[in-house]
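> A predicted structure for the sequence below; I have some questions about it.
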Amino acid sequence: MTRYLRLLRIFTGATLSAQLEYRANFVGALLASLGAVGVALLGLGIVFGQPGMSSVGGWSFREALLVTGFFMLTEGVINVFIEPNMSKIADAIRTGSMDFTLLKPIDAQFGVSTRYLNVLRVPDLLIGLGLITSAASGLSVTLLGVLGAALLYASAVVIVYCIWLALSTTAFWFVKTQNVAELFNSVFGAARFPVSAFPLPVRAFLTFVVPVAFITTVPAQAMTGQLAWGVALASPVVAAALFVATRLFWLRAVGSYTSASS
Amino acid sequence: MSRPGPLNTARVLFATRLAEMAEYRAEVVIWMLSGTLSLVMMLVWMAQAQGAPGGQIRGYDAAGFATYFLSTWLVSQLLVVWVAWELDFEIRQGTLSAKLLRPLDPMWTHYASHVAERLVRIVPMLVLVTIFALLSGARFTTQWWAYPAALGLAALGFTARFLYEYAIGLLAFWTESSTSFQELAWLVYAALGGMFAPLNFYPAWVQSVAVWTPFPYMLGLPAQLLAGKAGPKDALRGALIMLGWLVVFWFLRLAVWRAGLKKYGAVGA
Amino acid sequence: MTPSPPDAAVHVRDLRKAYAVHEKEPGFLGSVRSFVSRQTRLVEAVRGVSFDLHPGEIVGFLGPNGAGKTTTLKMLSGLLHPSGGEARVAGFEPRRREAAFLRQITLVMGQKQQLIWDLPALDSFLVNQAIYEIPDDQYRATMREYTDVLGLDGILKKQVRKLSLGERMKCELAAALLHRPRVLFLDEPTIGLDVNMQESVRAFVRDYNERHGATVILTSHYMADVTALARRILVIDQGALVFDGDLGSLAGQARAGKTIRLQLRSPVTAQALAGYGQDVSVDGLSAQLSVPRAQVSERAARLLADLDVADLTVEDPSIEAVMADLFGHRTPPAPAPTTLERA
């Protein structure tokens, strides 16, 4: 375990050094972060900007802003921790460098999941936390609510990681999968709004088929104390089940891996 | 012995790129599905309209929103441009060099690719629009002239967008973050084009700024034509404005290209 | 400015190129420091090179890594703008990149691909035909010729991504020469290819030169490329031309002998081999030593007779070795910094 922690530290150091080389990218990344928060806020702003419109799907402006905050936080988690690693899996398989990863005496899933870090997108995390804080400051939030939200958000991160890993792992069979991330993003875009803002069939899809509801709506509900106990329990269960399933899927993929010939 | 002319060059470029795009048909479908902002906003507005008194917001009922946003989605599919990413890659990897050795501006190859991709996109796109329309209850206009008019505006809009995105992509000659500028440009395009809501839902000052930009005419206007909410006069006026913007973007791209080549020649790949 | 001789295919006078290079100290702290303030220095990659090439000449352009070969080729093909001096190629000033100029030249750079990855190579050829506006009959004749010489039969209709490295290089060459350029810049055209492929690339270049009277500048790491094709050699080092003459006089100046590689059936010591040549090295059952050119066959015969040899090969010294020998070089010399400035 300590060995893995040390590896994390070494990986982080190396990737930080590499990124400091490109200081102009900081400006670019900041623009991208502002762009992302811009889309989320514009969508919300125009809906609430209509005369007589005081709620979306039964959520007040501040409550909906809380959801947007969790959305931005998740964008940050994806951009900083998940995407930089997952996007390289397909490449590694195509070029055959996955061979080296599999030869290393550490767990390969750990290796491919923790090797890189995109610090340039840390502003996403800060913007997300900022939005959550400012939205919560106008709501009655209890300490229990915050703790519950933190726990449920941890399950949410596990869910997001599992979906990404599962999509990226398909690259072991289909070499051209650089675009699978797009598929996730296309559905994840709906997480900018609370699920109840959508028509009923779509709501069911976002809860049971692609568990987007657990990523932003559920933690926000926990924070405002509107969460049913059943849902609160469902989130970690879904996360644990997904984690085990993805792990098995990964092992199966590695087992059937034949390295690229050229 | 007659030399083949530029028309022949255009034909071969287009045919080759069409063959290449046909190789990417699976990816093309994934790219189509990735532009879901219109669809997300559609669902939110439909639910809002159903909950609103009278079932309407500013004259739009649920079906009205469905029609508007599906039209925006359709038009935005025709306006997709990724040339900034490719330029960023080519300039940074130095593969631009090989293209500079040919006696043809590399822009035309990219343009041919983009147009060819549209042809590959059109069939799955129509299938998806039909499915979405059946599910959401959208009703498109029955006036036949609105369809060629919307297509013409989309063609102008696509070319204008291609040119300004090309200019943004060329910024890679100077900065490593040209693709971030591209994302910001997309945000302005999506907002002022009317992807979040019809333009008259926006605050008055935003509307008055928007009319001085090309975005409402390339995205919102053709969508309103398809929804039956704009007339032939609007279409004509929009086309003239877009032509003006085309000229502006043409020279903008040319100026950035010339400056970029000077820089590339000084520093190299 | 001196007027270029009307008959020169390539005319270069006092050509120069200087770059600003960004430098960083190793390690995390170095990264942080360079993030805050950037150190750059001006490097002169090419410093005053002059030469003239006659039409139809094949010239080997040699020098250690970083000597300025590629920079010079890029200036001659118009990709880089010289920071000083004069260059004329086929009567044109390269940096203006006129279409008429681009139709006269080609630049082949190792693996830099101009073929469309996901389509058969034939499609890329059609694109080039269209871009260079090559008339149909000329296109057909050229394709016949290249298919013959390069052996393109059966690979033109395969997707480029499914071609082997050698097949891809053949197609790359054919695509780059489809418009029958009069001046060829070949930068490491055989790098990474096996011996057979290297030979067919050489045969192709020789054949093209004879048929079309084209001027060729060739850089390569393989001595065999240069000896097979070029009579005249230009050697560039630290950005300056240090040798311009025929191959014979270059080889004559070289003290470096040939290298004999041995694969043995039973181990020997380095001392046991010392009597047969210099620079002996032994690694398990393989060994190598260098012998003077004139005595290669005699030494090889003795080795075969005296030792239990499984295999014996004789190799030319690498260009790096000849270069080191001729000019007394330590490996890649860093160009001296001329100014230090802060960006």
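Received, thanks.

> Run a quick neighbour tally on C:D225.
Number of residues near C:D225 (other CB atoms under 10 Å in any protein chain shown) recorded here: 24. The C-beta positions use only the backbone N, C-alpha and C, and glycine is treated the same way.

> where does it fall, helix, sheet strand or coil?
helix (DSSP: H, G, I helix; E, B strand; the rest coil).

> Need the pLDDT of it.
pLDDT, C:D225: 85.

> Need the pLDDT of the residue of the stretch 51-200 of chain B found nearest chain C.
Closest residue of the stretch 51-200 of chain B to chain C, CB to the nearest CB: B:P103 (3.7 Å). At B:P103, the model reports a pLDDT of 90.

> how near is it to chain A?
With the distance defined as CB to the nearest CB, to the nearest Å, B:P103 ends up 33 Å from chain A.

> okay, and for chain C, where does confidence drop off?
C:1-6, C:24-28, C:31, C:34-38, C:110-113, C:251-256, C:316-343 (pLDDT under 70).

> How is it divided into domains?
With domains defined by automatic domain parsing, chain C comprises C:52-252, C:257-316.

> Let me know which of those domains is tucked in deepest.
Ranked by mean neighbour count under mean count of other CB atoms under 10 Å in any protein chain shown, the domains of chain C are led by domain C:52-252, which reaches a mean of 19.

> contacting residues for A:A239?
Residues near A:A239 by CB atoms under 8 Å, 6 or more residues apart in numbering or on different chains: A:155-156, A:158-159, A:162, A:214.

> Over to A:T133?
A:T133 is in contact with A:G69, counting by CB under 8 Å, 6+ apart.

> got it, and B:M195?
B:37-38, B:41, B:72, B:76, B:219.

> you'd agree it is in a strand?
No - counting by three-state DSSP, B:M195 falls outside a strand, being coil.

> Check whether the helix or strand harbouring C:V46 comes near chain A.
Using DSSP states H and E, C:V46 sits in strand C:39-53. No - Strand C:39-53 stays clear of chain A (CB under 8 Å from any CB of the partner chain), getting no nearer than 13.0 Å.

> Pull out the buried residues from that strand.
Buried residues in strand C:39-53, counted by 16 or more other CB atoms under 10 Å in any protein chain shown: C:41, C:43-47, C:49, C:51-53.

> Same question for stretch B:44-51.
B:44-49.

> From those residues, which land in helices?
Among those, DSSP state H puts B:44-49 in helices.

> now these as CSV including pLDDT and distance to A:V209?
Listed next are those as CSV, based on pLDDT from 0 to 100; distance: CB to CB, whole Å:
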residue, pLDDT, distance to A:V209
B:V44, 93, 19
B:W45, 94, 22
B:M46, 94, 19
B:A47, 93, 18
B:Q48, 92, 23
B:A49, 93, 25
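
> And the helices in the stretch 1-150 of chain B, which stretches?
Applying DSSP state H, counting those that start in this stretch to the stretch 1-150 of chain B gives helices spanning B:6-23, B:25-34, B:37-51, B:62-78, B:83-93, B:96-100, B:107-136, B:146-170.

> before we move on, the earlier item: for A:Q50, state which of the buried residues of stretch B:44-51 is nearest.
For the buried residues of stretch B:44-51, the minimum distance to A:Q50 (CB to CB) is 8.2 Å, reached by B:Q48.

> longest single helix anywhere in chain C?
Max-length helix for chain C by DSSP H is helix C:195-212.

> helices or strands next to that one in the packing?
Contacts defined by 3 or more CB pairs under 8 Å, 6 or more residues apart in numbering or on different chains; DSSP states H and E place helix C:195-212 against strand C:58-62, helix C:136-150, helix C:165-176, strand C:183-187, strand C:215-219, helix C:223-229.

> Export that helix to CSV, keeping only CA atoms.
The C-alpha trace of helix C:195-212 is given here as CSV (Å, rounded to 0.1, in the frame of the first residue of the first chain):
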residue,chain,number,x,y,z
VAL,C,195,19.1,-3.8,-46.7
ASN,C,196,16.9,-4.9,-49.7
MET,C,197,14.7,-1.9,-49.4
GLN,C,198,17.6,0.5,-49.1
GLU,C,199,19.0,-1.0,-52.3
SER,C,200,15.7,-0.5,-54.2
VAL,C,201,15.4,3.1,-53.0
ARG,C,202,19.0,3.7,-54.3
ALA,C,203,18.2,2.0,-57.6
PHE,C,204,15.1,4.2,-57.9
VAL,C,205,16.9,7.4,-57.3
ARG,C,206,19.8,6.5,-59.6
ASP,C,207,17.3,5.5,-62.3
TYR,C,208,15.3,8.7,-61.9
ASN,C,209,18.4,10.8,-62.1
GLU,C,210,19.5,9.2,-65.3
ARG,C,211,16.2,9.3,-67.0
HIS,C,212,15.2,12.8,-66.1
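
> Give me the contact list for it.
Applying CB under 8 Å, 6+ apart, the contact partners of helix C:195-212 are C:56, C:58, C:145-146, C:149-151, C:166, C:169-170, C:173, C:177, C:180, C:182, C:184, C:186, C:189-190, C:193, C:214, C:216, C:218, C:222, C:224-225, C:228-229.

> ok, the residue in the stretch 51-200 of chain B that chain A sits nearest to - contacts?
Closest residue of the stretch 51-200 of chain B to chain A, CB to the nearest CB: B:S177 (2.1 Å). Residues near B:S177 by CB under 8 Å, 6+ apart: A:24-25, A:27-29, A:31.

> need these in JSON lines with distance to chain B and neighbour count, can you?
Listed next are these as JSON lines, based on distance: CB to the nearest CB, whole Å; neighbours: other CB atoms under 10 Å in any protein chain shown:
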{"residue": "A:A24", "distance to chain B": "5", "neighbour count": "13"}
{"residue": "A:N25", "distance to chain B": "5", "neighbour count": "18"}
{"residue": "A:V27", "distance to chain B": "6", "neighbour count": "15"}
{"residue": "A:G28", "distance to chain B": "2", "neighbour count": "21"}
{"residue": "A:A29", "distance to chain B": "7", "neighbour count": "22"}
{"residue": "A:L31", "distance to chain B": "4", "neighbour count": "18"}
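
> would you turn those into TSV with secondary structure, distance to chain C and pLDDT?
Listed next are those as TSV, based on DSSP: H, G, I helix; E, B strand; the rest coil; distance: CB to the nearest CB, whole Å; pLDDT from 0 to 100:
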residue	secondary structure	distance to chain C	pLDDT
A:A24	helix	11	65
A:N25	helix	11	70
A:V27	helix	13	76
A:G28	helix	15	76
A:A29	helix	14	80
A:L31	helix	19	82
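
> Run through the residues of chain B sitting next to chain C.
So chain B meets chain C at B:1-5, B:8-9, B:11-13, B:16, B:19-20, B:23-24, B:94-95, B:97-104, B:109, B:261-262, B:264-269 (CB under 8 Å from any CB).

> hmm, back to that, deepest in the core, which of the helices of the stretch 1-150 of chain B is it.
Across the helices of the stretch 1-150 of chain B, the average number of neighbours (mean count of other CB under 10 Å) peaks for helix B:62-78, which reaches a mean of 24.

> quick one, helices of the stretch 1-150 of chain C?
Assigned by DSSP H, counting those that start in this stretch, the stretch 1-150 of chain C shows helices spanning C:27-36, C:69-76, C:99-102, C:121-131, C:136-150.

> What lies in contact with the shortest one?
Applying CB under 8 Å, 6+ apart, the set of residues contacting helix C:99-102 from outside is B:101-104, C:78, C:89-90, C:92-94.

> for those, which one is nearest C:V21?
C:V21 has its nearest neighbour among these in C:G78, at 22.7 Å by CB to CB.

> OK, contacts around the residue nearest to that closest one when sequence neighbours are not counted?
For C:G78, ignoring the flanking residues on the chain, the nearest one in space by CB to CB, 6 or more residues apart in numbering or on different chains is C:P94 at 3.7 Å. C:P94 makes contact with C:75-78, C:87-88, C:101, according to CB under 8 Å, 6+ apart.

> Whichever residue of the stretch 51-200 of chain A sits closest to chain B and A:A234: what is the separation?
The nearest approach of the stretch 51-200 of chain A to chain B comes at A:E182, 3.8 Å away (CB to the nearest CB). A:E182 sits 28 Å away from A:A234, going by CB to CB, to the nearest Å.
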